[in-house]
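> Generate a structure from the sequence data that follows.
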Amino acid sequence: MLNKYEKLLVKTESDNLCVEEKQFKSRAKGLIKDKKIGIRKDLPTLTEKTCILAEELGHYYTSCGDILDQTKTENVKQEKRARNWAYEKLVPPDKLIEAYESGVRNRYELALYLDVIEEFLEEAINHYKEKYGLCRIYDDYIIYFEPLGVFRKMIDKQ
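Below you'll find the predicted structure:
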């Protein structure tokens, strides 16, 4: 069975993208130009590489041009769109419910279950709070983003 990083690599291949792990002169963790994605080779974990690759794919699908200058409003917006794409790819609401049903009860366990770094999980939760507010109804569940929790709705059977 493929891990998340390998699944993302399969996606890049199907889109004719080239991913290369390399040393960077800058502090960047990932970069994309045209159809080439670079991932910092010395990232400490495969989990972090997965989060960075997802964000770079987010850039591929949602951004255009050179957005390195983050003093420009349009570039900041494109960066946010790319990150939001990554959050929804790696931390979708149905996986939050699945984690709850599997017995996950805190953010540390949730990050492990979803195979994302804790910082990425926090940013994903903040993204959902911005998008939906404090909670969202999803099928038979209510997902609370502040404080984080998942609850099965009580169904009245009268």
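
> Show me the helices in this protein, by range?
Along the chain, the segments classed as helices by DSSP state H run 4-14, 46-62, 73-90, 93-101, 107-114, 118-132.

> so which of those helices comes closest to Glu21?
Go through the helices of the chain one by one with C-beta to C-beta and the one that ends up closest to Glu21 is helix 46-62, at 7.6 Å. From N, CA and C alone the C-beta is placed, and that goes for glycine too.

> list the buried ones in that closest one?
Burial within helix 46-62, assessed by neighbour count using 16 or more other C-beta atoms under 10 Å, is assigned to 47-60, 62.

> Could you verify my assumption that Leu31 touches Lys25?
No - with contacts counted by C-beta atoms under 8 Å, Leu31 stays clear of Lys25, the gap being 10.9 Å.

> Among these two, which residue is more densely surrounded?
Neighbour count, other C-beta atoms under 10 Å: between Leu31 and Lys25, Leu31 has more, with 17 against 5.

> The more buried one: what's it in contact with?
With contacts defined as C-beta atoms under 8 Å, 6 or more residues apart in numbering, Leu31 is in contact with 24, 37-38, 56.

> out of those residues, which are buried?
Neighbour counting over the contacts of Leu31 (16+ other C-beta under 10 Å) leaves 37-38, 56 as the buried ones.

> Geometric centre of the protein: which residue is closest?
For the chain, the residue lying nearest the average C-alpha position, counting by C-alpha atoms, centre = their mean, turns out to be Tyr87 (2.7 Å).

> separation between the residue lying closest to that one once chain neighbours are set aside and Lys7?
Excluding its sequence neighbours, the residue lying closest to Tyr87 (C-beta to C-beta, 6 or more residues apart in numbering) is Ala124, at 3.8 Å. Here Ala124 is placed at a distance of 17 Å from Lys7 (C-beta to C-beta, to the nearest Å).

> likewise Glu122?
Summarising the geometry, the distance separating Glu122 from Lys7, computed by C-beta to C-beta, is 23 Å.

> how about the nearest residue to Lys49 once chain neighbours are set aside, what does it touch?
Taking C-beta to C-beta, 6+ apart, and ignoring the residues beside it in sequence, Lys49 has Leu43 as its nearest neighbour in space, at 5.1 Å. Taking C-beta under 8 Å, 6+ apart as the definition of contact, the neighbours of Leu43 are 29, 49, 52.

> Quickly list what the nearest residue to the last one once chain neighbours are set aside is bridged to.
Just to be clear, that refers to Ile52. Take Ile52 and drop its neighbours on the chain: the residue closest to it by C-beta to C-beta, 6+ apart is Gly30, 4.1 Å away. Using DSSP bridges, the beta-bridge partners of Gly30 come out as Ile39.

> Noted, bye for now.
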